[in-house]
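Asks: missing the sequence, but the structure's below:
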């Protein structure tokens, strides 16, 4: 909750602006992902051309608010930056923060959801994302950067929009 209070302040809102979206019955999810190793003798992914790369997770953005991710110092995560996928250097004891589609929506898409993918690195690896999502009945405005009377679109109910 502390992180989302910083995001609220960064958007010019009171620090507790997002609290009602997440308090009690949030749809947040924690996953532990085990990517299985490739068969031996397969070419290392770092040596493959863009067309020859293999992915354990194809390009996508997360639907929720934000995603907190630890890679356990494994490589493989790439993010889209200036039209090109770039590898994220794994740093020990660091957490990657990806903006989700919901967060992008509330900024009228001024802040973009993080497009990312995961390369097959040819060996066993682990990842643990925490998808920080509002509760089902959270009312999400179309643009937190504008006053309510200037909203271009109706707000959404998060759970209805999600499914």
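Replies: That came in fine, so what should we check first? Worth saying up front: this structure is predicted, and the values here are computed from it rather than measured. Numbers count the residues shown, from 1 in each chain.

Asks: which residues make contact with the helix or strand bottoming out on mean pLDDT in the chain from outside it?
Replies: The helix or strand of the chain with the poorest confidence is strand 55-60; it has a mean of 81 (mean pLDDT, DSSP states H and E). Applying CB atoms under 8 Å, 6 or more residues apart in numbering, the contact partners of strand 55-60 are 35, 76, 80, 85, 115, 116, 117, 118, 119, 120. Heads up, the C-betas are built off the backbone N, CA and C, glycines and all.

Asks: and that strand, which residues are buried?
Replies: Judged by neighbour count (16 or more other CB atoms under 10 Å), strand 55-60 contains these buried residues: 56, 57.

Asks: same check, this time on stretch 1-11
Replies: Under 16+ other CB under 10 Å, the buried positions of stretch 1-11 are 4, 5, 7, 8, 11.

Asks: what does stretch 156-163 give?
Replies: Within stretch 156-163, judged by 16+ other CB under 10 Å, the buried ones are 156, 158.

Asks: Work out the gap between that stretch and the centre of the chain.
Replies: 17 Å (CA atoms, centre = their mean, to the nearest Å).

Asks: can you count the residues close to residue 99?
Replies: 19 (other CB atoms under 10 Å).

Asks: Would you confirm that it contacts residue 66?
Replies: Yes - between residue 99 and residue 66 a contact is recorded at 5.9 Å, counting by CB atoms under 8 Å.

Asks: Could you tell me which helix of this protein is the longest one?
Replies: If you go by DSSP state H, the chain has its longest helix at helix 2-10.

Asks: who's in contact with the next helix or strand after that one?
Replies: Sequence order places helix 19-22 as the next helix or strand after helix 2-10, per DSSP states H and E. Outside helix 19-22, the residues that touch it by CB under 8 Å, 6+ apart are 1, 4, 5, 28, 65, 132, 134, 135, 138, 140, 158.

Asks: ok, now stretch 103-116?
Replies: Under CB under 8 Å, 6+ apart, the answer for stretch 103-116 is 7, 11, 59-62, 64-67, 77-80, 98-101, 140-146, 152, 156.

Asks: Where do the helices of this protein begin and end?
Replies: With DSSP H as the criterion, the chain has helices at 2-10, 19-22, 101-106, 158-162.
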